[in-house]
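Everything below, folded, please.
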Amino acid sequence: MKKLLLLLVLIPLSFYAQNDSISKPNLSVIGLNNLNIAYRGIPNPISIAVSNAKPYKIKGDNIFINDEGKYFIKPKAEKESKVLLEIETSDSTKVVEEHIFRVKDLPYAAILVNQKGCINGDCVIEMPSKEILNAEISVKLIDYLLEGNIAVTGFRINLTNSKGDFLDSFEIKGNKIPQDVYEEIMANTKISLIILHKFIFESDLNLSIAKTPVVKIRKL
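Sure thing, here's the model as predicted:
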């Protein structure tokens with residue numbers, strides 16, 4: 001389990017080749033994703049293929065290799081990330097090829113309750129009382145263009161009255177509001193808002209969610 005705002009470890013790869021000219025195609029192909037996009041501030045895994053398995057060196061300010069020998073691009077403030085390949089051809093000629101990837105900021109994360117929610121933490125979800133029992137908490141990455149799984153594995157519930165005064169608090173394991181907490185909520189007639197916060201996440205994206213949204217529920 002990891003507390004997140006968003007690390008990319010599993011990304012489906014498809015190959016994208018760039019040509020220096022129509023008459024002279026590149027010797028190399030770098031696979032990142034089918035949209036040719038790298039996300040800023042996180043390691044984006046890439047794969048490299050050179051025709052006829054020619055020797056090559058990979059260079060770039062944002063390139064690094066992990067302990068398993070896999071290459072990653074980790075863009076910073078720039079709008080594009082460049083990768084250079086120095087290739088030695090069969091006749092010992094050295095060729096330098098450039099591959100360019102568009103850089104995007106990480107997406108916003110929205111917390112949903114029974115698929116209802118909003119990005120703005122100040123909004124309030126209105127929900128019938130019967131829907132609160134076993135209400136499922138999930139995460140949606142807004143405008144995220146790649147694939148990956150991220151799930152809520154824990155959160156905290158705070159209960160407040162109409163004046164905003166604190167009434168009670170519960171630590172929840174899992175991604176649903178359980179029976180015992182639901183019964184406590186229904187038994188307290190002073191409750192105005194059910195506040196969900198301090199979410200814990202599990203993901204194959206290794207994202208770093210530095211600040212999680214706050215979800216407010218008003219029972220109908």
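
ok, now how distant is the residue of the chain most remote from its centre from residue 51?
Note on the chain: the largest C-alpha distance from the chain mean falls to residue 91, namely 44.4 Å (CA atoms, centre = their mean). Applying CB to CB, to the nearest Å, the value for residue 91 to residue 51 is 14 Å. Yep, even glycine has a C-beta here, placed from its N, CA and C like the rest.

likewise residue 183?
Counting by CB to CB, the gap from residue 183 to residue 51 is 66 Å.

And for residue 73?
Taken as CB to CB, the span from residue 73 to residue 51 is 22 Å.

again, but for residue 38
From residue 38 over to residue 51 (counting by CB to CB), the distance is 24 Å.

And for residue 70?
Relative to residue 51, and taking CB to CB, residue 70 is found at 21 Å.

cool, and residue 149?
34 Å.

ditto for residue 142
Per CB to CB, residue 142 is found 39 Å from residue 51.

Now do the same for residue 128: its pLDDT.
Each residue has a pLDDT score; the one for residue 128 is 92.

What segments of this structure are helices?
129-132, 179-187 (DSSP state H).

Go through the longest one and flag the buried ones.
Neighbour counts over helix 179-187 (16 or more other CB atoms under 10 Å) mark 181, 182, 185 as buried.

Then stretch 97-115?
Those would be 97, 99, 101, 103-104, 106-107, 109-114, for stretch 97-115 by 16+ other CB under 10 Å.

can you check stretch 64-80 too?
71, 72, 73, 74, 75.

Quick one: end-to-end length of that stretch, please.
17 Å (CA to CA, to the nearest Å).

ok now it, how far from the chain's centre?
Averaged C-alpha coordinates place stretch 64-80 at 16 Å from its chain's average position (CA atoms, centre = their mean, to the nearest Å).

circling back to that earlier point, could you dump the helices of the chain into JSON lines with distance to residue 166 added?
What follows is these, written out as JSON lines (distance: least, CB to CB, whole Å):
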{"stretch": "helix 129-132", "distance to residue 166": "19"}
{"stretch": "helix 179-187", "distance to residue 166": "14"}
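
between those, which gets nearest to residue 153?
In terms of CB to CB, the element of the helices of the chain nearest to residue 153 is helix 179-187, at 16.2 Å.
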